[in-house]
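*Asks:* Give me a 3D structure for the following:
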Amino acid sequence: QPILSVIATDGSGMTLSSAQYVNISGISLNSSSAYGLYIVNSSNITLSTMTVTSTAGSGIFISNGDNVTMSSMTVSNTAGTGVVITEGSINGTMSNSTVSNITSANAYGVFIGKEFTSVAGANTGWTFDDVDITTTGNAAFDCSAASNSLTLKNSTISGATGTTGHGINITQCDTVTLTNNTTSSNAKNGVNIATVSNLTISGSTSHTNTQNGFSLSGVTTGTLSSNTAYSNTQSGISLSASTSTNVTISGNTTYSNTQSGIVATAPGTGLTVSGNKSYNHTASGQSSGFGYSISSTAPTLTNNISYGNRIGVIVVATGASVANPVIRNNTVYNSSSAALTFVESGQNTITGVTLQNNTFTTATNGSVLSYAGGDGPTWTSSDYNNFQLVGTSAVVLTGSATLAAWQTASSQDANSLSVDPLFTATTSGSEDFRLQTSSTLIDAGHPTVITPTTDYAGTARPYGASGRLDIGAYENILFLVSTNVSLSGTAAYDSTNGH
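*Replies:* This is a model prediction of the structure:
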């Protein structure tokens, strides 16, 4: 039971010190000299349906608070940060709330971290659900050192400016989950992650930010899945730093970003890029126009779709060598420069490339492959691919115009094809890269390579008696009949799988 319950009271700033089991509801707080609400060394505090506005300092400041619950809060027009959570505050929640018009240059919308470096204690176990943060002088949502087990979901974050300027900025934290959030119109990255372990970002959208949609650096064990990034001034998704290890980027959609779609610049080992779609990145320049840009040790690229990009996939060895990349079952269509490019610089090389079960379609008179800065990669295996050449001047590689010439020059791709894949639709704006049932690419994959075991849509591979995968990102299923449906004289056609 609450020791203190306060309802329907208006007034100035309030302080709770060493308080326990306090309920505060339905009041408005402001302060011309300090915080709107200051909670210190207190536990089991419930705040609901409150307005905190026009404060000289932070709106709500929680220091060493245990089990603080905030719901239906409105925080606005504070001279300091909207909400501060610091000095060992644990197991709190904030939901169905808004933080807005925090315009001081160094003020955040929500800040979780160490306010005073001499004070020990991690801020652990905080959940934010349906919190809208708009128009802040610094990062809108900032979580820094000594903050762990953080969840932010179902929230809309926009309009961050100032020195940091990210919509969501999370650094030096452990176990972070970001789900179903939207970040937009921020002065820097929509989502900025640095030196974080055990990261999950899913179902989120980031658009119209001045830098990247999602920017990750120094991530140890992370998953980005089912996110969308578009119309950002730099790239949709950017992953960097050699300390980034065991990162999976899957099921994301990036399009119409000014620079590139998905960029992984010199991360460490364990990079998997699978089941993504990246399109309409056409800018020229050293870091622009790529559907996928990969520079890593032993990266795996499978079941990805690229179309309408300047370069579909680029593998880059500039800061370090790239060894043993595996590129399988991708669909690359209509890349204006090249479908697949390898770039080496100085002593850095690309070695041990595995290129199997992919389909590449050039732009009119374009090329499938290109090399820059070196002699080109060495191959572990390039075979069972499809190189569709569009236009009389299209080439597999400069100097190896046809598939036959490439086979002779490289001793690779003995079983590869050069045919029209027969995609379902290639009209701009309604592209559908599932294979028609008459496509030569069905059951034409490597006979002994049965990974990946699902396709872009999650359909199990391989399908059919041959035991061979189809070439490209989609597996064709000729007939898909539900066991729960009785059919009489008709065949089942599942349009969702293109069959």
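*Asks:* distance between the ends of stretch 300-313?
*Replies:* 12 Å (Cα to Cα, to the nearest Å).
*Asks:* Now do that stretch, average pLDDT.
*Replies:* Averaging pLDDT along stretch 300-313 gives 97.
*Asks:* do the same with stretch 378-393
*Replies:* Per-residue scores along stretch 378-393 average to 94.
*Asks:* can you offset everything so residue one is 38?
*Replies:* Got it, the first residue is 38 from now on, which makes the last one we talked about stretch 415-430.
*Asks:* which parts of that stretch are buried?
*Replies:* Of all the residues in stretch 415-430, those buried under the rule 16 or more other Cβ atoms under 10 Å are 416, 419-426. Yep, even glycine has a C-beta here, placed from its N, CA and C like the rest.
*Asks:* Kindly report the same for stretch 94-113.
*Replies:* 94-110, 112-113.
*Asks:* and what of stretch 270-282?
*Replies:* Those would be 271-278, 281-282, for stretch 270-282 by 16+ other Cβ under 10 Å.
*Asks:* Give me the neighbour count for residue 511.
*Replies:* If you count neighbours by other Cβ atoms under 10 Å, residue 511 ends up with 29.
*Asks:* give the contact list for it.
*Replies:* By Cβ atoms under 8 Å, 6 or more residues apart in numbering, the residues touching residue 511 are 368, 470-472, 492-494, 496, 535.
*Asks:* Okay, and residue 445 sits in which element?
*Replies:* In the assignment (DSSP states H and E), residue 445 maps to helix 440-447.
*Asks:* picking that back up, turn the buried residues of stretch 415-430 into a markdown table, including distance to residue 169.
*Replies:* Formatted as a markdown table, those follow (distance: Cβ to Cβ, whole Å):
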| residue | distance to residue 169 |
| --- | --- |
| 416 | 51 |
| 419 | 50 |
| 420 | 52 |
| 421 | 50 |
| 422 | 47 |
| 423 | 47 |
| 424 | 49 |
| 425 | 47 |
| 426 | 51 |
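*Asks:* can I get those in TSV with distance to residue 146 and secondary structure?
*Replies:* Putting the buried residues of stretch 415-430 into TSV (distance: Cβ to Cβ, whole Å; DSSP: H, G, I helix; E, B strand; the rest coil) gives the following:
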residue	distance to residue 146	secondary structure
416	51	strand
419	50	strand
420	53	strand
421	52	coil
422	49	coil
423	50	strand
424	51	strand
425	50	strand
426	53	coil
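*Asks:* So which of those residues is the closest to residue 261?
*Replies:* residue 422 (27.2 Å; Cβ to Cβ).
*Asks:* How about the contacts made by that closest one?
*Replies:* 392-397, 450, 453-454, 508.
*Asks:* so the residue most central in space within the chain is in which element?
*Replies:* For the chain, the residue sitting closest to the mean C-alpha position, by Cα atoms, centre = their mean, is residue 261 at 4.6 Å. Here residue 261, judged by DSSP H and E, is contained in strand 251-262.
*Asks:* mind checking how far that strand is from the chain centre?
*Replies:* The chain centroid and the centroid of strand 251-262 are separated by 8 Å under Cα atoms, centre = their mean, to the nearest Å.
*Asks:* Show me what it is packed up against.
*Replies:* For strand 251-262, the elements it packs on are strand 228-239, strand 274-277, strand 282-287, judged by 3 or more Cβ pairs under 8 Å, 6 or more residues apart in numbering; DSSP states H and E.
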